[in-house]
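Enquirer: Pasting the sequence and the predicted model now:
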There are 2 protein chains.
Amino acid sequence: MVVELISVGTEILLGNIVNTNAAYLAEKCALLGCSLYHQTVVGDNEERLEAAVRQAMERSDVVILTGGLGPTKDDMTKEVVAKVFKRELRMDEHSKTRIQEFFDKIGSKKVTENNWKQALAPEGAIVIDNLNGTAPGLIIEDKEQGKRAILIPGPPGEMKPMFERDIAPYLNRLQPEGIYSHMVKLCGIGESQAETMVSDLMDAQTNPTLAPYAKTGEVHFRVTAKAENEAAAEELMRPMIEKLYRRFGNAIYTISEEETLEASIVALLKERKMTVTTAESCTGGLLAGRLMNVAGASDVYREGYITYADASKEKLLGVRHETLTKHGAVSEETASEMAFGAAKEAGADAALSVTGIAGPGGGTEDKPVGLVYIGCAVDGRVKVRRFQLTGNREKNRNYAVVRALTFLREELLLEKAPQGQ
Amino acid sequence: MVVELISVGTEILLGNIVNTNAAYLAEKCALLGCSLYHQTVVGDNEERLEAAVRQAMERSDVVILTGGLGPTKDDMTKEVVAKVFKRELRMDEHSKTRIQEFFDKIGSKKVTENNWKQALAPEGAIVIDNLNGTAPGLIIEDKEQGKRAILIPGPPGEMKPMFERDIAPYLNRLQPEGIYSHMVKLCGIGESQAETMVSDLMDAQTNPTLAPYAKTGEVHFRVTAKAENEAAAEELMRPMIEKLYRRFGNAIYTISEEETLEASIVALLKERKMTVTTAESCTGGLLAGRLMNVAGASDVYREGYITYADASKEKLLGVRHETLTKHGAVSEETASEMAFGAAKEAGADAALSVTGIAGPGGGTEDKPVGLVYIGCAVDGRVKVRRFQLTGNREKNRNYAVVRALTFLREELLLEKAPQGQ
């Protein structure tokens, strides 16, 4: 089944917003086993939109359009698609009621006339409730020709839940077999090494398939199976996932699409009833900020320190003055004392420290930009790793954060035998 | 001049990467005064790429293609465009030398054969040096038909500098007048209020034009003028910028495209020889992390505190136990004592504190999710502001950071008469 995406909106065309919707939909549709050959962006212009829809309907089975479903006269996606499918627009009373309820809920006194435009639907269309806004989604089918148009509101906060809840199952029903997948996420192994370690599996793949995805400092492998139902797909995927566990072992921190590295670490700490703290120099709060983005991080994190100045490293973390003068702030010794001191000061079971030269200035021949030392203390034992990063200031800081999280995870897993998958 | 964008690459088509290149190029081309009506994404497929190029050349004056210029046989953008323009590919000796030099520099022993493919150029093409990679850019002109294709490597780290340095000036030369602009950036005023305050200027606009852009917690207005040269454009823009300063006053923190809010605050602190610190609860390091992304922030920031637990607020910041028990951690009183205590502990001239309920859990009827108190201490005087944010955990934390930065800036400007624009 060939699916094509059309993003409607002058704000995308002029680069005022990045087209994340297209990436999201493309990835989801590919995962559903659809073939994707074209993506198009057109502005709020009737003639060009109509030409784009006609061309897409010509060469694809399903055209997904996002945007242009709002209340203003610039919003014309529905009108244009109805014209191409030769359908009249009719008031959909169910959508009208929902729009009224939406405005009642947000306490709006009066619904302005143009909002009712959003309740109009092409004859015979399937109307999809919008749980996060006023414009419903629409599916228009021409079963004789085997052509379908799916219209979804443009705001990602409305588009994504609607796709997940209603559109994805609809697309899956159109196909003889469903597509199911796991994301096997690794940390602490480089992209090319990881791919080499499973190149035989990638070469031999049929069902399930195995595909790598690179992320800042991490490697993700998607395992995808085609099967009649989810249980059968899980059955197909299990041997592949077991193979990956045998090869990568503890480097795999999750096989769930949603779980992040920091969430897996917070979960690990909770499971072991341990707390953690952070002492940051060059990352200046980013590491703590990332851990704290996990809801419920307060169970494992009580306090943390940002120590840019040498004097602050001494005062807050108890780094010795001699260490700083002899080895410098960016050194194995300082990183070690920072981690040790942070754990002690916070009364935490574990601590991460980061000290480095993020750039662009501050580098020397001995200690170039990108040099970062990361200390990790667990139950009073401290280890330090040295990294030479090669990006700009922002990249170096973000990589240092991932390296630190990976380090902590590995040390935590050393403590106790892992729980298996 | 109508410009059209074609992004080449299966990884975009399948949603493995977000098409940020298209947004970047679209915005830049719009700023140069080009008209944009279409963006297309095609995969690494010769037939479909050729069809896309032919269609684009038909309806636009200039087609910018990104991606597909690498060394592998999947990379075929150059080959397809050469075919459409009926040009032979020839070895470009200058590019060949540059590729050799590139590999020498990174210490690679031998350049593999397929790398020389990148030095091939269509007959008569303008070759653009790639300062950040091996594949050069190419401009192919058909002056008789008034059609041009511009080919740029796909990696953003190669594409952006090449566009800035060579492609933008080339496009500007094609037009009778150049386009120049300033970004007037505001903080502390909401989007709709800001637009209302200048609606007359927006209605009356011709040259220069005025257009609003919303960013998390900020409002930006782009002032754009069309003129023969930069000096003439500045002359045209000056009265508009002066009007904006008269209406928005100190809410304008910069008129430069590149300067961020945090950079403007670091500059303000440097100018006044002041230091700052942060005491964060719900933002957990994000505020410090953002300030520290400014190169040279170490001049104004020595240390900071992440105090999630109540006990940490007492221990590190000297918040009184009674304050926490009587008013709670999320309260005006706690925010005030956090800011006061942080400034004292760090020996800093200024301090920001953030305490709130980021969500999703932790909210009550009295103190719902999204409630945030921000304290700001400057020279020993503390003020607190209360915000009720309405996003998810991540949004609430990011908004709180912008609100805090804005608060500090306003307090700093109260201290001393502003320096004018």
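Expert: Everything's here; your move.

Enquirer: Average pLDDT for the lengthiest helix in chain A, rounded please.
Expert: Looking across chain A with DSSP state H, the single longest helix is helix A:393-415. Per-residue pLDDT over helix A:393-415 has a mean of 93.

Enquirer: what about it and chain B, any contact?
Expert: Yes. Under the criterion of CB under 8 Å from any CB of the partner chain, chain B is reached by helix A:393-415 at A:R393, A:E394, A:R397. To be clear about C-beta, it is placed using only N, CA and C from the backbone, and glycine gets the same treatment.

Enquirer: Residue of the stretch 51-200 of chain A closest to chain B, please.
Expert: Closest to chain B within the stretch 51-200 of chain A is A:A52: 7.9 Å, counting by CB to the nearest CB.

Enquirer: Am I right that that residue falls within a helix?
Expert: Yes. Using DSSP: H, G, I helix; E, B strand; the rest coil, the assignment for A:A52 is a helix.

Enquirer: Could you report the neighbour count for it?
Expert: 24 (other CB atoms under 10 Å in any protein chain shown).

Enquirer: Over to A:N115?
Expert: Neighbours of A:N115 using other CB under 10 Å come to 19.

Enquirer: now swap in A:K313 and tell me
Expert: Neighbours around A:K313, by other CB under 10 Å: 29.

Enquirer: what does A:G133 give?
Expert: A:G133 has 19 nearby residues by other CB under 10 Å.

Enquirer: Quick one: residues contacting the closest residue to it other than its chain neighbours.
Expert: Spatially, and ignoring its direct neighbours in sequence, A:G133 is nearest to A:E158 (4.3 Å; CB to CB, 6 or more residues apart in numbering or on different chains). Contacts for A:E158 (CB atoms under 8 Å, 6 or more residues apart in numbering or on different chains) come out as A:N130, A:N132, A:G133, A:A135, A:I152.

Enquirer: helix, strand or coil for the nearest residue to the fourth one once chain neighbours are set aside?
Expert: Spatial nearest neighbour of A:A135, chain neighbours left out: A:L69 (4.1 Å); criterion: CB to CB, 6+ apart. Local secondary structure at A:L69 is given as coil here, using three-state DSSP.

Enquirer: Quick one: neighbours of A:L69, just the number.
Expert: Neighbours of A:L69 under the rule other CB under 10 Å: 26.

Enquirer: Likewise for the one 5 residues further on?
Expert: A:D74 has 13 neighbours, counted by other CB under 10 Å.

Enquirer: got it, and A:G361?
Expert: A:G361, neighbours per other CB under 10 Å, totals 11.

Enquirer: Would you mind confirming that it makes contact with B:A295?
Expert: Yes. A:G361 lies in contact with B:A295 (CB atoms under 8 Å); the separation is 6.4 Å.

Enquirer: got the angle between the helix or strand where A:A279 lies and helix A:393-415?
Expert: Using DSSP states H and E, A:A279 sits in strand A:276-280. Orientation of strand A:276-280 against helix A:393-415 (axes from the mean of the first three to the mean of the last three CA atoms, to 10 degrees) gives an angle of 150 degrees.

Enquirer: quick one: contacts of strand A:276-280?
Expert: A:265, A:269, A:286-288, A:291, A:300-307, A:313, A:316-317, A:338-339, A:341-343, A:345-346, A:348-354, A:375, A:408, B:285, B:306.

Enquirer: wait, what's in contact with A:M237?
Expert: Taking CB under 8 Å, 6+ apart, one finds A:Y180, A:S181, A:H182, A:P208, A:V223, A:A225 in contact with A:M237.

Enquirer: Please read the previous query as pertaining to A:E47.
Expert: Taking CB under 8 Å, 6+ apart as the definition, A:E47 has no contacts.

Enquirer: swap in A:G70?
Expert: Listed by CB under 8 Å, 6+ apart, the contact set of A:G70 reads A:Q118, A:A135, A:P153, A:G154.

Enquirer: SS state for the closest residue to A:T275 other than its chain neighbours?
Expert: Leaving aside its chain neighbours, A:T275 sits nearest to A:A348 (4.4 Å; criterion: CB to CB, 6+ apart). Classification of A:A348 using three-state DSSP returns coil.

Enquirer: ok, A:A348 - how many residues close by?
Expert: By other CB under 10 Å, neighbour count at A:A348 equals 22.

Enquirer: now swap in the one 3 residues further on and tell me
Expert: A:A351 has 28 neighbours, counted by other CB under 10 Å.

Enquirer: That one and B:R290, how far apart?
Expert: A:A351 sits 23 Å away from B:R290, going by CB to CB, to the nearest Å.

Enquirer: mind listing what's buried in the lowest-mean-pLDDT helix or strand in chain A?
Expert: When the helices and strands of chain A are compared on mean pLDDT, DSSP states H and E, strand A:209-215 comes out lowest with a mean of 79. Residues of strand A:209-215 classed as buried: A:T209, A:L210, A:P212, A:Y213 (neighbour count, 16 or more other CB atoms under 10 Å in any protein chain shown).

Enquirer: What residue, apart from its backbone neighbours, is nearest the last one spatially?
Expert: Here the nearest residue to A:Y213 in space, its sequence neighbours aside, is A:H220; by CB to CB, 6+ apart that works out to 4.3 Å.

Enquirer: Specify the local secondary structure of that neighbour.
Expert: strand.

Enquirer: Next up, the contacts around the residue of the stretch 101-250 of chain A found nearest chain B.
Expert: Chain B sits closest to A:Y213 of the stretch 101-250 of chain A, with a gap of 6.3 Å, by CB to the nearest CB. If you count contacts by CB under 8 Å, 6+ apart, A:Y213 has them with A:M183, A:V219, A:H220, A:F221, A:R222, B:N16.

Enquirer: at 10 Å instead, please
Expert: A:E27, A:M183, A:K185, A:E191, A:V219, A:H220, A:F221, A:R222, B:E11, B:N16, B:I17 (CB atoms under 10 Å, 6 or more residues apart in numbering or on different chains).

Enquirer: Quick one: neighbours of the third one, just the number.
Expert: Counted with other CB under 10 Å, the neighbours of A:K185 add up to 23.

Enquirer: The second one too?
Expert: Using other CB under 10 Å as the criterion, A:M183 is surrounded by 16 other residues.

Enquirer: Does it touch A:F221 like I think?
Expert: Yes. Between A:M183 and A:F221 there is a contact at 7.5 Å, judged by CB atoms under 10 Å.

Enquirer: which neighbours do the two share?
Expert: By CB under 10 Å, 6+ apart, the residues touching both A:M183 and A:F221 are A:Y213, A:I255.

Enquirer: that older thread, and the longest helix of chain A, which residues are buried?
Expert: A:393, A:395-413.

Enquirer: What subset of the contacts of A:E158 is buried?
Expert: A:N130, A:G133, A:A135, A:I152.

Enquirer: which bits of the stretch 51-200 of chain A sit near chain B?
Expert: A:A51, A:A52, A:Q55, A:R59, A:G157 (CB under 10 Å from any CB of the partner chain).

Enquirer: Confidence-wise, which of these comes last?
Expert: For these, the least confident entry is A:G157, with 87.

Enquirer: Angles on the backbone of A:G137, please.
Expert: When read as degrees, to the nearest 10, the backbone of A:G137 gives phi -80, psi 160.

Enquirer: and A:E141, what element?
Expert: With DSSP H and E as criterion, A:E141 is part of strand A:137-142.

Enquirer: Can you show me the strands along the stretch 301-421 of chain A?
Expert: Under the criterion DSSP state E, counting those that start in this stretch, the stretch 301-421 of chain A contains strands at A:303-307, A:350-356, A:371-378, A:381-388.

Enquirer: residues contacting the spatially most central residue of chain A?
Expert: Against the mean C-alpha coordinate of chain A, by CA atoms, centre = their mean, the closest residue is A:E258 at 7.6 Å. Residues near A:E258 by CB under 10 Å, 6+ apart: A:M183.

Enquirer: Which neighbours do A:G361 and B:A295 have in common?
Expert: In contact with both A:G361 and B:A295: A:R393, using CB under 10 Å, 6+ apart.
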